[in-house]
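# this is a predicted model, with the sequence first.
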Number of protein chains: 2
Amino acid sequence: MTKRQAEPEKRPYDLGKRLEQMDESRAAILRAAKAQLAANGYRRLTMEGLAAESGVTRQTVHNLFGTKTGVLEAVFDLIALESGMERMREVVMLPPGEAQLARFVGVFCGFWAKNRMLLRRVHGIGAIDPEFGTVIEARNQRRRMAATRIVQRMGGDDAAQKAAMLAALTSFEFFDALVESGSEMEAEGMVLRLARSALSLSQE
Amino acid sequence: MTKRQAEPEKRPYDLGKRLEQMDESRAAILRAAKAQLAANGYRRLTMEGLAAESGVTRQTVHNLFGTKTGVLEAVFDLIALESGMERMREVVMLPPGEAQLARFVGVFCGFWAKNRMLLRRVHGIGAIDPEFGTVIEARNQRRRMAATRIVQRMGGDDAAQKAAMLAALTSFEFFDALVESGSEMEAEGMVLRLARSALSLSQE
DNA sequence: GATTTAAATTTACATGTTGTCAAATTAAAT
DNA sequence: ATTTAATTTGACAACATGTAAATTTAAATC
């Protein structure tokens, strides 16, 4: 099979600056998506609206993200990236004790507080859509693993139950419920106190 | 203005058995909605699908519930009706103490456990749709009020914070997170233990 | 049993949103 | 100036919601 067909004999082409512009478009769209999600919820988030607010065409949104679910996944990835999960490494490696627990709680509560409305929507989408739910679940699983490690290194009985409680206490949903009841300032303190007693609690 | 226009002079008509059939249709549709919501999530819940599974026409679903949101609200009302909230009255009136707290936790956890997947969807819809969210919020508000009453009657310091914690600990989302981490059997026990320590905890 | 009544069905249509496609346009790279 | 690839433009199909009318069906009344 010799390549004697109509070979277009392309000239090399480096996207260069065009890639930057694409990234800017991507960023603008994701920014718009985050804002609209947090403000108006999921139902009123349309590809049309995203395109308009980010100064591109609806078609471009499709080109860059594929589908609406694609946009959501990108939003989710972005959140995860901004989530300061790198700090989780340090926290897990701290010596077990009060300080580590406080840092653990602090990392999560800080993040939950910073993106509360947006996270509420995203987690909500995970709750109503099994397909998207697996993505959220995977992330929750990681928090559970970290909680398990921390509890195990602290020693004591009922490690499994304690880990379950710590994971649930540091979940976004629990934080959100606390804020809804009390004030956002106090929420982290309450989580920490509950976590402390959860870990010192033994199966009586 | 004499009523000399074409008066149809209607004959009295008692719906009787037809009302029963309408109720059956309503019930069948709601049953289908609950099942499909729990199993497949919200995106794949269509009026067409509901009609098919409940043996009526899509148009009939619209006649009976108005809109899709109407169906959801009816599902929500039904859940609330089945929720055993009547038992909340008794619980709130019990003498303050361990037993009351246990009953309080038990009523909610029992309900959460019975409809977990369905509740996850419904609460999820509340989280992504501000309009529907107010309905959920109103119900959460009631749990918060009950929690506040219980905490206040128990006396002690920091009633507001304790109430917030109790409300959050008895939220559906916290229960769901616990079940996801551990086992459903143990979840209620964990909630109860955390609630106990939350209420005995003072602001140190 | 014939007639009346109202619900349910059938049929049709308007709207909004997603997703896809192909041709034309634009701007960067060569 | 030419080539390249992204963006835009315009069009379309698919699907779901919601609405409206005429018709059919079955229960209630006489």
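That came through fine.
# surely A:Ala74 meets A:Lys68?
No: applying C-beta atoms under 8 Å, one finds A:Ala74 not in contact with A:Lys68, separated by 10.7 Å. From N, CA and C alone the C-beta is placed, and that goes for glycine too.
# name the residues contacting each of these two.
Counting by C-beta atoms under 8 Å, 6 or more residues apart in numbering or on different chains, A:Ala74 and A:Lys68 have no shared contacts at all.
# quick one: list the elements packing against the one helix or strand in chain A whose mean pLDDT sits lowest.
For chain A, counting by mean pLDDT, DSSP states H and E, helix A:86-93 ranks last in confidence among helices and strands (a mean of 90). Helices and strands touching helix A:86-93, by 3 or more C-beta pairs under 8 Å, 6 or more residues apart in numbering or on different chains; DSSP states H and E, are helix A:98-114, helix A:130-154.
# how far does that helix sit from the chain's center?
Computed by C-alpha atoms, centre = their mean, to the nearest Å, the chain-centroid distance of helix A:86-93 equals 17 Å.
# alpha carbons of it, as PDB, please.
What follows is helix A:86-93 as a C-alpha-only set of coordinates in PDB (Å, rounded to 0.1, in the frame of the first residue of the first chain):
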ATOM      1  CA  GLU A  86      -2.400  18.500  48.500                       C
ATOM      2  CA  ARG A  87      -2.500  19.600  52.100                       C
ATOM      3  CA  MET A  88      -4.200  16.400  52.900                       C
ATOM      4  CA  ARG A  89      -0.800  14.600  52.300                       C
ATOM      5  CA  GLU A  90       0.800  16.600  55.100                       C
ATOM      6  CA  VAL A  91      -2.100  16.200  57.400                       C
ATOM      7  CA  VAL A  92      -2.100  12.500  57.100                       C
ATOM      8  CA  MET A  93       1.600  12.400  57.800                       C
END
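# and it, what's buried?
For helix A:86-93, the buried set under the neighbour-count rule, 16 or more other C-beta atoms under 10 Å in any protein chain shown, comprises A:88, A:91-92.
# now tell me what touches that helix from outside.
For helix A:86-93, the surrounding residues in contact (C-beta under 8 Å, 6+ apart) are A:100, A:103-104, A:107, A:146, A:149-150.
# try stretch A:45-55
Residues from elsewhere that reach stretch A:45-55 (C-beta under 8 Å, 6+ apart): A:25, A:28-29, A:31-33, A:35-37, A:57-58, A:60-62, A:68, A:71.
# quick revisit: now tabulate the buried residues of helix A:86-93 in TSV and tack on distance to DNA strand C.
Shown next, in TSV, are the buried residues of helix A:86-93 (distance: C-beta to the nearest atom of the strand, whole Å):
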residue	distance to DNA strand C
A:Met88	33
A:Val91	38
A:Val92	38
